[in-house]
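> all I have is the shape, not the residue letters:
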Ligand code: HEC
C-alpha cells in the first residue's frame, strides 16, 4: 500500500517538475506570451498535481517509522520553493523562479541520494516490512519460516519485544549483528513487523 503510494508520489513529483521546467525555460527565454498561454492551459492540471504531490507526500510521512534528517531537508526545500515560485512567476522575476526550480531539483536529487545510500549498505528504508525483505528474508523467508542456515522460524518465535530487539542488534551464531547497518529506530520497526505480521501467522 505504501509502495503504491510512493510510486504515485513520484509520478506527481515528476509531472510537477516538468511543468516547472517548461515554465522556467519560457520565463528565462522571455517568451512571455507563450508563458501566459502555458500557465492558463496548465492551471487546473497544476492545481491537481500540486495537491496530489503534497497529499501523497504528507501521507507517506505518516507511514514512516523514522523521519530522517534528509527527509526534513527535502521538506524544507520543497516548502521554501513554493512561495518563491509563486512570487517568481507572478513578478516574472527570473532569479526567484530559477532558484525555486533549482530547489525542487535539489530535493529531487536528495531523494535519489537516499536510494543510493540504501544500495551502499545503509538501509534508509521506510517501513519494517521493507527492512525485513531487504535484510532478513534471505535467511528467514518472506513469511519467517524459511530457516536458511539454521535461522529460527519467526512465525513461532516465543521471544518478547526486548529479546527480538536484542538479537537483531547483537546477532547470534550465524545471524549477524545489525548494530551498524540499521538505526535503533529501524531495528524497532523491523521487530514490530515480526511481531505484528509474522508471529502466529
Ligand atoms: C544469515 C542468515 C540470517 C539473517 C540474514 C538474519 N537472521 Fe535472524 N536468525 C538467523 C539464525 C541462524 C537464527 C538462530 C540463532 C540462534 O538462536 O542460534 C536467527 C534468529 C533470529 C531471531 C530469534 C528467533 C527465536 O525465536 O529464537 C529473530 C527475532 C531474528 N533472527 C530476526 C532477524 C531479523 C529481524 C533479521 C534482519 C534484520 C534477521 N534475523 C536476519 C539467521 C539470520
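Good, I have the coordinates. Every value quoted in this text rests on a predicted model; they were computed, and no experiment measured them.

> from residue 39, how far off is the residue of the chain most remote from its centre?
Here the centre of the chain is the reference, and by C-alpha atoms, centre = their mean the most remote residue is residue 33, at 37.6 Å. Distance, residue 33 to residue 39, using C-beta to C-beta, to the nearest Å: 11 Å. Glycine gets a C-beta too; all of them are placed from N, C-alpha and C.

> could you check how far residue 14 is from the ligand?
32 Å (C-beta to the nearest ligand atom, to the nearest Å).

> could I get the full set of helices for the protein?
Assignment of helices within the chain using DSSP state H yields the ranges 2-28, 32-63, 69-90, 94-119, 128-131, 137-140, 161-170, 184-193.

> average pLDDT across the last one?
Summarised as a single mean, pLDDT over helix 184-193 is 92.

> would you mark the buried spots in it?
Neighbour-count burial for helix 184-193, counted by 16 or more other C-beta atoms under 10 Å, picks out 186, 187, 188, 189, 190, 191, 192, 193.

> now it against helix 161-170, angle please.
Interaxial angle, helix 184-193 versus helix 161-170 (axes from the mean of the first three to the mean of the last three C-alpha atoms, to 10 degrees): 130 degrees.

> how far does helix 184-193 sit from its chain's centre?
17 Å (C-alpha atoms, centre = their mean, to the nearest Å).

> same question, stretch 35-51
26 Å.

> residue ranges in this protein under the pLDDT threshold?
Residues of the chain that meet the criterion pLDDT under 70 lie in 1-3, 64-66, 111-126.

> run the last query once more with 50
By pLDDT under 50, the low-scoring segments of the chain are 117-123.

> how does it divide into domains?
Here the domain parsing of the chain from automatic domain parsing is 2-119, 128-198.

> please see if the shortest one touches the ligand.
Yes: residues of domain 128-198 contacting the ligand under C-beta under 6 Å from any ligand atom: 135-136, 138-140, 149-152, 154, 157-159, 164, 167-168, 172-175, 178, 190, 194.

> in ChimeraX, how would I select just the buried ones from the residues you listed?
The buried residues among the residues of domain 128-198 next to the ligand can be selected in ChimeraX (16+ other C-beta under 10 Å) with this line:
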select :135,136,139,140,151,152,154,157,159,164,167,168,175,178,190,194
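
> now the helices of the chain as a markdown table including distance to residue 200?
Output for these, formatted as a markdown table (distance: least, C-beta to C-beta, whole Å):
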| stretch | distance to residue 200 |
| --- | --- |
| helix 2-28 | 23 |
| helix 32-63 | 24 |
| helix 69-90 | 33 |
| helix 94-119 | 30 |
| helix 128-131 | 16 |
| helix 137-140 | 15 |
| helix 161-170 | 14 |
| helix 184-193 | 13 |
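
> how far away is residue 71 from the ligand?
On the measure of C-beta to the nearest ligand atom, residue 71 and the ligand end up 22 Å apart.
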